[in-house]
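K.L.:
Here's my sequence, what's the structure:
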Amino acid sequence: MDPHELLIRHAVAWADKRKQPLDPDLLGTVLQLRDVHDATAPQEWPTGSAEHLMLVRWPSHGPSGVPDVGRLVETLDSFWRFLRGTGRMATSSADPRELAKEARRAAPRMPDACADPTRHGAAKSLTEFGESMGMSLDGAGSMEELNERMQQIVEAWNGLPGDQRIAMSPSSAHQGSVRGMAATDLMASLLEDDDDLEDVFGLGDEEGNIPFADIAEVAADVRAAPFVQLCRRLVEWVGDRGREITYTEVLRLAPAREAYDVLGLGEWEHEADRLAYGDLVPELPLESQELLVAAARNSFRSAADCRPLDRLWTACLEAELVELSRTRAYADWDEPSSDEEWRHLGVVLATAVLIHADDIHVSPLMGALLHLLDPARESMPLAELEDWWWQSPRNVLALLGHRDESTRRRSDSSLHRALHEMEDLRVWRREGDALLPTAFGHDVALLASALAEDGVIDA
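P.N.:
Purely as a prediction, here's the structure:
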């Protein structure tokens, strides 16, 4: 017997008596999805759960196609009223009227979410891919036949070009993101066998080889990187008891603001603003700086909107340093035991920062990394890097047609703000007004160039 059948029958009877719309098939799908994939009780509907159902869970794991969204909203509204009216609603749930408003706000976006293949879960993507080839899993006469069909679908999927698989693969704002998974997989294969690495930027020796840096030097750079130490502190703060997270797999607002203070992220954010806006962000006395940090901590409405915290969080997720349940994050730090493990951790963290940076920062960051990868270059004067960025076809400011002194200053500021994204990773060292390559930066640049060639990074 379906574990939700009795509850659905009671809900239908309640709705019929009051002449309210309730589709039992839609409700059954909703309860099954939340039970299997979110481990959520049918009576538990906290704030955000309606939007999550309609824009995340149904598109990722629900039936193919777009449901009757209006009918779904009506069914949910009636079900929530039933739960509240019969005393079944969990105490942690939001008010049914607020949930109904949330569902109505999500309704216009649900068709696009369901139609977007990058929002589909892996199983759903494979099933739809098989159906597109006339290879449906429905109608299999036995488990052996079902497994055989699935194996054929998987083999056909693996035979697709990498960029096509990425375009059709499921994604998420954070954990398990398509670019993050693709980057991790590619880096792992390249670290295992550098013979697979192509010299696409012409930076190799006479035979086209670009050897990785000395692994002991790379490991030393990684261990000393302030960003890596911040990741360690973040994971320690998360701890074995865990911290609360939202449906979108970021820290809830209260713990996010606590982490902002504990990790001292206000300084990083203030420096980012100074680099981006120059003289518009003057140097302030310590008391005023503390007030600005407090204001910044209280201003973000989601942990995902706080860049100094989000760059740490996404990197820790990609490196699997935190483990997520439905409602909490838990520490999962394993101290690297060898130089090779330190290098692997470092390049995963660094590449996560790069691929999750704002688009306007990726190109100048890639430019700096690739300039430093040049074996003939011992250092990179910042003035030379500014000139390169000013002339780059990727620089929107330089293409506006107003090539005046003010626009040039804004171009330089955008470069320095971009460099700030990876400044604490020790992918380069500062010496006066020049950047000097590090062993770790050499390997990160090498792998980033491979990611760009593979289409994971749009450089």
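
K.L.:
For the closest residue to residue 243 other than its chain neighbours, what is the enclosing helix or strand?
P.N.:
Nearest in space to residue 243, with sequence neighbours left out and distances taken as Cβ to Cβ, 6 or more residues apart in numbering, is residue 255 at 4.6 Å. No exception for glycine: its C-beta is placed from N, CA and C like everyone else's. Using DSSP states H and E, the secondary-structure element containing residue 255 is helix 253-262.

K.L.:
Do a quick rundown of the helices in the stretch 101-250 of the chain.
P.N.:
In the stretch 101-250 of the chain, the segments counted as helices under DSSP state H, counting those that start in this stretch are 110-115, 122-132, 143-158, 162-168, 178-192, 215-224, 226-238.

K.L.:
I'd like to know how many residues surround residue 452.
P.N.:
Residues lying near residue 452 (other Cβ atoms under 10 Å) number 19.

K.L.:
no, scratch that, I was asking about residue 214
P.N.:
The local packing of residue 214 (other Cβ under 10 Å) involves 13 other residues.

K.L.:
ok, now the one 3 residues further on?
P.N.:
Counted with other Cβ under 10 Å, the burial measure for residue 217 works out to 16 neighbours.

K.L.:
looking at it, it is touching residue 437, isn't it?
P.N.:
No: with contacts defined as Cβ atoms under 8 Å, residue 217 does not count as touching residue 437, sitting 11.1 Å away.

K.L.:
hmm, who's touching stretch 10-22?
P.N.:
Surrounding stretch 10-22, the residues in contact under the criterion Cβ atoms under 8 Å, 6 or more residues apart in numbering are 24, 27, 71, 74, 75, 77, 78, 79, 81, 82, 85, 86.

K.L.:
want to try TSV for those, with distance to residue 318 and secondary structure as columns?
P.N.:
Below are the contacts of stretch 10-22 laid out as TSV (distance: Cβ to Cβ, whole Å; DSSP: H, G, I helix; E, B strand; the rest coil):
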residue	distance to residue 318	secondary structure
24	41	helix
27	37	helix
71	39	helix
74	40	helix
75	38	helix
77	39	helix
78	41	helix
79	37	helix
81	42	helix
82	42	helix
85	45	helix
86	44	coil
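
K.L.:
Out of those, which end up buried?
P.N.:
27, 74, 75, 77, 78, 79, 81, 82 (16 or more other Cβ atoms under 10 Å).

K.L.:
Return the closest of the residues you listed with respect to residue 387.
P.N.:
Nearest to residue 387 out of the buried ones among the contacts of stretch 10-22 is residue 77 (Cβ to Cβ; 60.5 Å).

K.L.:
So that closest one sits against residue 98, correct?
P.N.:
No: under the criterion of Cβ under 8 Å, residue 77 lies out of contact with residue 98, with a separation of 11.4 Å.

K.L.:
what about residue 417, distance to residue 363?
P.N.:
Taken as Cβ to Cβ, to the nearest Å, the spacing of residue 417 relative to residue 363 amounts to 13 Å.

K.L.:
who are the neighbours in contact with the closest residue to residue 96 other than its chain neighbours?
P.N.:
In space, not counting the residues next to it along the chain, residue 96 is nearest to residue 80; the distance is 3.8 Å by Cβ to Cβ, 6+ apart. With Cβ under 8 Å, 6+ apart as the criterion, the residues that contact residue 80 are 45, 89, 96, 99, 100.

K.L.:
Which of those residues fall in strands?
P.N.:
With strands taken from DSSP state E, there is no overlap with the contacts of residue 80.

K.L.:
Need phi/psi at residue 213.
P.N.:
phi -70, psi 170 (degrees, to the nearest 10).

K.L.:
Many thanks, have a good one.
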